[in-house]
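Peer 1: task: produce atomic coordinates for the following.
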Amino acid sequence: GREKMPPDDDSVPVGASCGKQWLFIIRHGDRWDYAHPEWKKTAKRKGDPPLSSLGHRQAFETGHFLDSFFASKGISADRITFLCSPFVRCVQTADNILSQFQKTPGDAPETVVLKPEYSVWEIDGHGGANHACLPPMSERKCYFPRLDENHESLFVPTLPEPKIGIIDRCERAAKALNARYEYMPNTAIIIVTHAAACVALAKSAANLTLQDMNAAPPCGIYGLTRENHTEKWDIDHYSTKDGFNGYTSHISDLGEHTVPWNHFGPKDDGKNGYTGPPK
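Peer 2: The predicted structure follows:
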């Protein structure tokens, strides 16, 4: 069962008894195929590229950051739910994040499982070709033992899906997330996913627009909160300095190959499809 709420005294970290539930939506780290375009010439699973060396470092830095954050808020391992897209770059990012938890009470690297969540997998628009590269989850688990292959996704999207279809899909996912994971104070839900899903899911959870969401950088963090069982989560305004709206202050090197993304528009619209806040 759940642990009792920590005592309200000076031994509790600041913010521990504030009653907030956190939702962290995080993009995977830098992609190997963007850093090494020649990879796709011989790759057997072109649609499922892994992280680059930089991407691994970014994920480790994200783990250090979240570990310190949860420790400061008094959020223990048994109060963390960790979901990730089944694409290998997201599984690697999530696994790296979790491996760095040392300060969070409850031995998170040994006790928190990774739940493969198909509802937040990659944007399509390619006839399902990238998704067809995914191996069975039983194979994934051979190399990522933290995966819970028995996890039942909120739903499994239908393929093929038009590029813009991910917006409605993430609206559905946000509602399904609220229905399954009810409000509980001093808890956290982490979702490691892709740029498009980061922007669309955060937008839907906060009941905002694409123009309210900063473009998603590699290992960028969208941190949302709620203090009761409401459908609407709160997120920082895109102009807030060091706000949790595409936060990257924990990353020492964002690289130049996996670029920030909020580009749901047509590429020939004069803005290269950019749909984020005014620049």
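Peer 1: alpha carbons only for contacts and neighbour counts from here, please
Peer 2: Noted.
Peer 1: residue contacts, residue 129?
Peer 2: Each residue near residue 129 by Cα atoms under 8 Å, 6 or more residues apart in numbering is listed here: residue 47.
Peer 1: distance check, it against residue 254.
Peer 2: 28 Å (Cα to Cα, to the nearest Å).
Peer 1: go on, residue 138?
Peer 2: In terms of Cα to Cα, residue 138 sits 32 Å off from residue 254.
Peer 1: these two: who's more crowded?
Peer 2: More neighbours surround residue 254 than the other of residue 138 and residue 254, with 20 against 14 (other Cα atoms under 10 Å).
Peer 1: ok, and the closest non-adjacent residue to that one?
Peer 2: Residue nearest to residue 254 in three dimensions, not counting chain neighbours: residue 218, with 6.6 Å by Cα to Cα, 6 or more residues apart in numbering.
Peer 1: that neighbour is in contact with residue 253, isn't it?
Peer 2: No: using Cα atoms under 8 Å, residue 218 is not in contact with residue 253; the gap is 9.7 Å.
Peer 1: the two: which is more packed in?
Peer 2: residue 218 (29 against 13).
Peer 1: a helix runs through the more buried one, doesn't it?
Peer 2: No: under DSSP: H, G, I helix; E, B strand; the rest coil, residue 218 sits outside any helix and is assigned coil.
Peer 1: tell me who's in contact with it.
Peer 2: 27-30, 55, 58, 254, 258-260.
Peer 1: most neighbours of all these, which one?
Peer 2: Neighbour counts for those peak at residue 28, which has 35 neighbours (criterion: other Cα under 10 Å).
Peer 1: thought that one was touching residue 86?
Peer 2: No: using Cα under 8 Å, residue 28 is not in contact with residue 86, being 11.5 Å away.
Peer 1: follow-up on the earlier one: overlap in contacts of residue 218 and residue 253?
Peer 2: With Cα under 8 Å, 6+ apart as the test, residue 218 and residue 253 both reach residue 58.
Peer 1: so which of the contacts of residue 218 is the closest to residue 90?
Peer 2: Closest approach between these and residue 90, by Cα to Cα: residue 28, at 5.1 Å.
Peer 1: buried stuff in the longest helix seen in the chain?
Peer 2: Looking across the chain with DSSP state H, the single longest helix is helix 53-73. Buried residues in helix 53-73, counted by 16 or more other Cα atoms under 10 Å: 54-67, 70-73.
Peer 1: stretch 178-198 now?
Peer 2: The neighbour-count check on stretch 178-198 (16+ other Cα under 10 Å) flags 178, 183-198 as buried.
Peer 1: ok, now which ones touch residue 109?
Peer 2: By Cα under 8 Å, 6+ apart, the neighbours of residue 109 are 98-101.
Peer 1: would you map the helices across this structure?
Peer 2: Using DSSP H, helices in the chain cover 32-35, 53-73, 88-99, 108-111, 137-143, 165-180, 195-206.
Peer 1: would you format the ones you listed as JSON lines with distance to residue 231 and mean pLDDT included?
Peer 2: As requested, those are exported to JSON lines (distance: least, Cα to Cα, whole Å; pLDDT from 0 to 100):
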{"stretch": "helix 32-35", "distance to residue 231": "36", "mean pLDDT": "97"}
{"stretch": "helix 53-73", "distance to residue 231": "23", "mean pLDDT": "98"}
{"stretch": "helix 88-99", "distance to residue 231": "25", "mean pLDDT": "98"}
{"stretch": "helix 108-111", "distance to residue 231": "28", "mean pLDDT": "98"}
{"stretch": "helix 137-143", "distance to residue 231": "31", "mean pLDDT": "97"}
{"stretch": "helix 165-180", "distance to residue 231": "6", "mean pLDDT": "98"}
{"stretch": "helix 195-206", "distance to residue 231": "7", "mean pLDDT": "98"}
